[in-house]
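Visitor: have a look; sequence and predicted model below, questions after that.
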Amino acid sequence: MQKRDTAVIVLHEIYGINEHIKNVCKLFESQGFDAICPNFIEKNSPFSYEEEEIAYRHFMINIGFKKAANQMKRLVLNVKEKYKKVYLVGFSVGATIAWKCSDDRSVDGVVGFYGSRIRDFLEIEPTCPVMLFFPEKEDSFHVDDLVTSLQKKNIEVYQLTGNHGFTDPYSPNFQKQSAQQAYKKVSDFLRQ
């Protein structure tokens, strides 16, 4: 049910809509936005953190970035009919999906947290402002190289202390100071 002028569509990680993502939605609601969180893993309950490999395989085999991005673009069109502004805020695979939607003119802005697979879609030219957050390092690639390649118009990129998952208080990689710093920047970004 629409209450406000701006919608924030929250795109979850491979785990699904877990406590972390529910709390992110509550945070945006408390800041004066309507939070919408589609479940794109097509599973009723979230995967646990211990099921990371299973969750990743499930996403890659059953959903994938192309299908998820197409679903989000359709959702954005529907949501845009009711709201003045629509932002996408994604985490991990959700950040990569949001990035893939950043060239859609219906999207007013994109925020991505540790979207490591963005490196596979560098040809995308965002048509809206984009804010990306990465950890100091990732096991699967060189973060510094990705940050350098993202120095484009409309993109703000930040590298913060911690590892993948640094904003998730339920993750062993949680970094309270980095999470607070990131969410302050996101709040300012959504209010521009």
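Guide: That came through fine.

Visitor: just the buried residues of the lowest-mean-pLDDT helix or strand in the chain, please?
Guide: For the chain, scoring each helix and strand by mean pLDDT, DSSP states H and E identifies helix 143-149 as the least confident one, at a mean of 92. Of the residues in helix 143-149, those buried under the neighbour-count criterion (16 or more other CB atoms under 10 Å) are 143, 146. To be clear about C-beta, it is placed using only N, CA and C from the backbone, and glycine gets the same treatment.

Visitor: on contacts alone, who are the packing partners of it?
Guide: strand 130-135, strand 155-160 (3 or more CB pairs under 8 Å, 6 or more residues apart in numbering; DSSP states H and E).

Visitor: quick check, residue 35 in a helix?
Guide: No: the secondary structure assignment for residue 35 gives strand rather than a helix, going by DSSP: H, G, I helix; E, B strand; the rest coil.

Visitor: show me the beta-bridge partners of it.
Guide: Residues found in beta-bridge contact with residue 35 (criterion: DSSP bridges) are residue 8.

Visitor: mind listing what's buried along the longest helix anywhere in the chain?
Guide: Taking residue count as the measure and DSSP state H as the definition, the longest helix of the chain comes out as helix 64-80. Along helix 64-80, these residues count as buried under the neighbour rule (16+ other CB under 10 Å): 65, 68, 69, 72, 73, 75, 76, 79, 80.
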